[in-house]
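Engineer: Got a sequence here, can you model it:
(2 chains, ligands or ions: 2)
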Amino acid sequence: MTEPMLPVGYRVIGRTIETHDAVTLGLEPVDRSLDRFRPGQFAMLYAYGVGEIPISISGIGDDGTLLHTVRSVGAVSRALHEAQPGAVIGVRGPFGTTWAPEDAVGNDLVVVAGGVGLAPLRPVLLAALAERSAYHRVVLIAGARTPDDFLFRAEPDVWAASGDLDVVLTVDRPAAGWDGPVGFVTEPLARLQLDPERTVAFLCGPEPMMRFSARVLLRDQVPAERIRVSLERSMKCGIALCGHCQLGPLLVCRDGPVVSHTVAGPLLAVPEL
Amino acid sequence: MSSAGLYDGLSAHEREALLRTSHEEFYDDGERLFDEGGYAGFCWLIRHGRVALDSTVPGRGQVVVQTLGPGDLLGWSWLIPPYRWHFGARAVGTVEATVFDGEQLKALADQDPRLGYVLTRHLLGVVLDRLQSTRARLLDLYSHD
Ligand SMILES: Cc1cc2nc3c(=O)[nH]c(=O)nc-3n(C[C@H](O)[C@H](O)[C@H](O)COP(=O)(O)OP(=O)(O)OC[C@H]3O[C@@H](n4cnc5c(N)ncnc54)[C@H](O)[C@@H]3O)c2cc1C
Ligand code: FES
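Structural biologist: Numbers count the residues shown, from 1 in each chain, chains lettered A, B, ... in the order given. Ligands and ions are numbered 1, 2, ... in the order given. Alright, predicted model coming up:
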């Protein structure tokens, strides 16, 4: 049996620079693999000697390799961001709830991502593309500050070109050469002409972004239980022991990070809990 | 904001009256619909394609502040003095739009205040949405700095 508090060694086998402050690390088990992650779940990544933080899975290999996309914001994420191929980091997991894209089968799947929020949603998009015929429309709306701030920059273009995914990338500030949409994610979202009877929506990004996007969906009559959001709270144990990640009645590491808007809505409306 | 929204709450007769003030227009990629500071006499309901709103910034040229797409209403400066465009607008790709004549819309609303009210309420809804999304962008939400 796996000891949930004991990190398992994973070696960095790939490091892709996504933006000026985010990289995707490919991790391969040194001796032993963790259980298979599902879309939306996260790992506690331990930069030895620095500390441990929750990072979502952004890709799941069948061979036990993991992809994690890390934005450098503080001491631990900076250490992980700087980890070079060959380095070993500690991994615990899988933890938390999943997006469960299979619940959207037969429906329209609308994915709205802001900034680094695209990372936890990437496995959902890949899962939907792998079983494309199981869904009606699949839409991705991703927002970033500038065109250079999009993660996985080449992928959405490929997905859009395949015709399998409606992709809208929108920026706050265009740069030379950008002739795509300019504006907040809520604008293309409001333009979608949704069929609320058969829409399932997954939102991930900063909390205000998810709040505003959920409001647009609710106004379009999409039921709150079919809007899912991913919550972020600081974490220590990841296994519902320490109480660090408490948000109202939830322990986000156990009851989240993915929850329906029925649960998240009232909590997101409260400034500090 | 769907195109249907503009006609919501209007009778068939009122809708016809509204459409009588309009005509269809097509724009090629890069063609300008209007320029900053120009006289604002029209309002567009975009049916196909994308329109970029821009502003001239010294040293940076024409900076796009927002893009609008199918179903979006473009332009409300025709409603409020001094009837001048605050931004310029350019077609991105081929654009099809229904163009309403601002003078005729105002005359119609003066004659039929109920229609005027429904129309104004719709416009206010559009303005409010744009204001909220502009505010959301002011929060610079995607960065953590
Ligand atoms: C379930 C879950 C999944 C996550 N998935 C990812 C992921 O896939 N990729 C990723 O890059 N991050 C992800 N995060 C966020 C990541 O855990 C934090 O960025 C990290 O904990 C920061 O730790 P640090 O020691 O580097 O920074 P700290 O020293 O803890 O913080 C440095 C500064 O950054 C601020 N800060 C810390 N975290 C955030 C944040 N999330 N948003 C905004 N400001 C912040 C702090 O307030 C502080 O000012 C996830 C968080 C959770 C809870
Ligand atoms: S992180 Fe310890 S209870 Fe959730």
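Engineer: can you tell me how far the residue of the stretch 1-150 of chain A found nearest chain B sits from residue B:68?
Structural biologist: Here the residue of the stretch 1-150 of chain A nearest chain B is residue A:115; by C-beta to the nearest C-beta that distance is 3.6 Å. For glycine as for every other residue, the C-beta is placed from the backbone atoms N, C-alpha and C. Distance of residue A:115 to residue B:68, given as C-beta to C-beta, to the nearest Å: 23 Å.
Engineer: try residue A:27
Structural biologist: Counting by C-beta to C-beta - residue A:27 and residue B:68 are separated by 43 Å.
Engineer: picking that back up, who's more crowded, residue A:115 and residue B:68?
Structural biologist: A count of neighbours by other C-beta atoms under 10 Å in any protein chain shown puts residue B:68 above the other of residue A:115 and residue B:68, at 27 against 24.
Engineer: Can you show me the helices along chain A?
Structural biologist: Ranges of helices within chain A are A:75-81, A:118-130, A:154-162, A:186-190, A:207-219, A:252-255, A:261-268, based on DSSP state H.
Engineer: What of chain B?
Structural biologist: Going by DSSP H, chain B shows helices at B:4-7, B:12-20, B:102-111, B:113-138.
Engineer: neighbours around the nearest residue to the residue of the stretch 1-150 of chain A closest to chain B once chain neighbours are set aside, how many?
Structural biologist: The shortest distance from residue A:115 to any residue other than its chain neighbours is 3.6 Å, reached at residue B:142 (C-beta to C-beta, 6 or more residues apart in numbering or on different chains). Residue B:142 sits with 25 neighbouring residues when counted by other C-beta under 10 Å.
Engineer: Tell me the residue of chain B that sits nearest chain A?
Structural biologist: Using C-beta to the nearest C-beta, the closest approach of chain B to chain A is made by residue B:142 at 3.6 Å.
Engineer: Which other helices and strands does the longest strand along chain A contact?
Structural biologist: Longest strand in chain A, counting residues (DSSP state E): strand A:8-17. Judged by 3 or more C-beta pairs under 8 Å, 6 or more residues apart in numbering or on different chains; DSSP states H and E, the packing partners of strand A:8-17 are strand A:22-29, strand A:88-95.
Engineer: The ones you listed into TSV, with extra columns for mean pLDDT and distance to chain B?
Structural biologist: Shown next, in TSV, are those (pLDDT from 0 to 100; distance: least, C-beta to the nearest C-beta, whole Å):
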stretch	mean pLDDT	distance to chain B
strand A:22-29	97	11
strand A:88-95	96	22
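Engineer: Turn those into a markdown table, including distance to ligand 2.
Structural biologist: As requested, the helices and strands packed on strand A:8-17 are exported to a markdown table (distance: least, C-beta to the nearest ligand atom, whole Å):
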| stretch | distance to ligand 2 |
| --- | --- |
| strand A:22-29 | 21 |
| strand A:88-95 | 9 |
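Engineer: where does residue 79 land on pLDDT?
Structural biologist: This is for chain A. pLDDT recorded at residue A:79 is 98.
Engineer: Sorry, I should have been clearer: chain B.
Structural biologist: With respect to pLDDT, residue B:79 has a value of 90.
Engineer: If you count neighbours, what's buried in stretch A:81-90?
Structural biologist: A:81, A:83, A:87, A:89-90 (16 or more other C-beta atoms under 10 Å in any protein chain shown).
Engineer: what's the closest of those residues to ligand 1?
Structural biologist: residue A:81 (8.4 Å; C-beta to the nearest ligand atom).
Engineer: Next one: the closest one from residue A:50, what distance?
Structural biologist: From residue A:81 to residue A:50 the distance is 11 Å (C-beta to C-beta).
Engineer: what's the burial count for the residue lying closest to residue B:101 once chain neighbours are set aside?
Structural biologist: Excluding the flanking residues, the one nearest residue B:101 by C-beta to C-beta, 6+ apart is residue B:21, at 4.8 Å. A count of nearby residues for residue B:21, using other C-beta under 10 Å, gives 18.
Engineer: Contact partners for residue B:21?
Structural biologist: The contact partners of residue B:21, by C-beta atoms under 8 Å, 6 or more residues apart in numbering or on different chains, come to B:100-101, B:104-105, B:108.
Engineer: Repeat that for residue B:45.
Structural biologist: B:3, B:6, B:22, B:71-74, B:97-100.
Engineer: and what of residue A:77?
Structural biologist: Residue A:77 touches A:53, A:55, A:70-71, counting by C-beta under 8 Å, 6+ apart.
Engineer: Which ones, among the residues you listed, also lie beside chain B?
Structural biologist: residue A:71 (C-beta under 8 Å from any C-beta of the partner chain).
Engineer: Quickly check the contacts of residue A:77 for the two that are furthest apart.
Structural biologist: A:53 and A:71 (10.9 Å; C-beta to C-beta).
Engineer: Tell me if the longest strand of chain A is near ligand 1.
Structural biologist: No - Strand A:8-17 stays clear of ligand 1 (C-beta under 6 Å from any ligand atom), getting no nearer than 13.7 Å.
Engineer: and that strand with strand A:22-29, angle?
Structural biologist: Orientation of strand A:8-17 against strand A:22-29 (axes from the mean of the first three to the mean of the last three C-alpha atoms, to 10 degrees) gives an angle of 150 degrees.
Engineer: Check whether stretch A:187-195 comes near chain B.
Structural biologist: Yes - judged by C-beta under 8 Å from any C-beta, stretch A:187-195 and chain B are in contact via A:187-188, A:190-191, A:193.
Engineer: wait, which of those is closest to residue A:267?
Structural biologist: Comparing the residues of stretch A:187-195 next to chain B against residue A:267 with C-beta to C-beta places residue A:190 closest, at 24.1 Å.
Engineer: The closest one touches residue A:215, doesn't it?
Structural biologist: No - look at residue A:190 against residue A:215 with C-beta atoms under 8 Å: they stay out of range, at 10.0 Å.
Engineer: between these two, who's got more neighbours?
Structural biologist: Shown here are residue A:190 and residue A:215; by other C-beta under 10 Å, residue A:190 has more neighbours (23 against 16).
Engineer: No more questions from me, cheers.
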